[in-house]
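Q: A structural model of the following input is requested.
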Amino acid sequence: MNIGLFFRVLVIGFSIAAVVGPIGMLCIQRTLHHGFLYGLVTGMGAATADGLYGSVAGFGLTTLATFLVAQLVWIRLIGGLFLVYLGIRTMLSRPAERAANAPAHTFIGAYVSTLLLTLTNPLTILSFAAIFAGIGVGGGGKSSLFNALPVVCGVFLGSALWWCLLTGGLSLLRGKFTVRWLLWVNRLSGGMILLFGVVALLSLSGL
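A: Numbering: from 1, shown residues only. Next comes the predicted model:
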């Protein structure tokens, strides 16, 4: 296993995950309302999607990548509508008087929702493909297979590391947020998620 390559891609996975976007806003809101574990499960859904797209690019699965990019209009439409719905729902939700941990049965929903939401951005494949090409990964073949394995692991673990740090830090501050503050967190995060959804839908006119 190429340790140097693994750590380089670990940083790449961390950096990509750390970009503020709808998943980040959703993770912040869920962590503050439902606790560390719920927020972490949300982040792991995004990390899994990053790992899957990293696999597509890293293993040189150009046919699958081309197919997903070709379906960009439908994927972006679905993702945009989902973001609009999620944004409005988050804005209108009211915090409980006391912060409560989420019941166990909702963890699967939290994980799946962020996994699917992150997968609605197939252009992530192109980002990983460009990065991997720059460091000599991908394109098929035995040699690229051995390179792709540490790369995919690095992407997933780098992304997961970011979500661990984010949710861990927020959980430490969770008890300091009053109901009034949590209400504004809902409004701000919901508004940002809604904005991302509107931008995604408006971008369809240029495709």
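Q: Give the next helix or strand downstream of the helix or strand of the chain with the lowest mean pLDDT.
A: Sorting the helices and strands of the chain by mean pLDDT, DSSP states H and E puts helix 123-134 at the bottom, at a mean of 71. Note on helix 123-134: by DSSP states H and E, the next helix or strand toward the C-terminus is helix 142-173.
Q: Can you list the buried residues in that following helix?
A: Of the residues in helix 142-173, 144, 147-164, 166-167, 170-171 count as buried by neighbour count, 16 or more other C-beta atoms under 10 Å. C-beta coordinates here come from the backbone N, C-alpha and C atoms, glycine included.
Q: residue contacts, the spatially most central residue of the chain?
A: For the chain, Ala46 is the residue whose C-alpha lies nearest the centre (C-alpha atoms, centre = their mean; 3.2 Å). Contact criterion C-beta atoms under 8 Å, 6 or more residues apart in numbering gives Ala17, Ile23, Cys27, Thr114, Leu115, Leu117, Thr118, Ser159, Trp163 as the residues in contact with Ala46.
Q: rerun at 6 Å
A: The neighbours of Ala46, taking C-beta atoms under 6 Å, 6 or more residues apart in numbering as the test, are Ile23, Thr114, Thr118.
Q: export these to TSV and tack on distance to Leu202?
A: Compiled in TSV, the contacts of Ala46 are given as follows (distance: C-beta to C-beta, whole Å):
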residue	distance to Leu202
Ile23	20
Thr114	23
Thr118	20
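Q: out of these, who's nearest Ile78?
A: Here the nearest of the contacts of Ala46 to Ile78, counting by C-beta to C-beta, is Thr118; it sits at 12.8 Å.
Q: so how far is Cys164 from the closest residue to Phe7 other than its chain neighbours?
A: Take Phe7 and drop its neighbours on the chain: the residue closest to it by C-beta to C-beta, 6 or more residues apart in numbering is Gly154, 7.1 Å away. Taking C-beta to C-beta, to the nearest Å as the criterion, Gly154 is separated from Cys164 by 15 Å.
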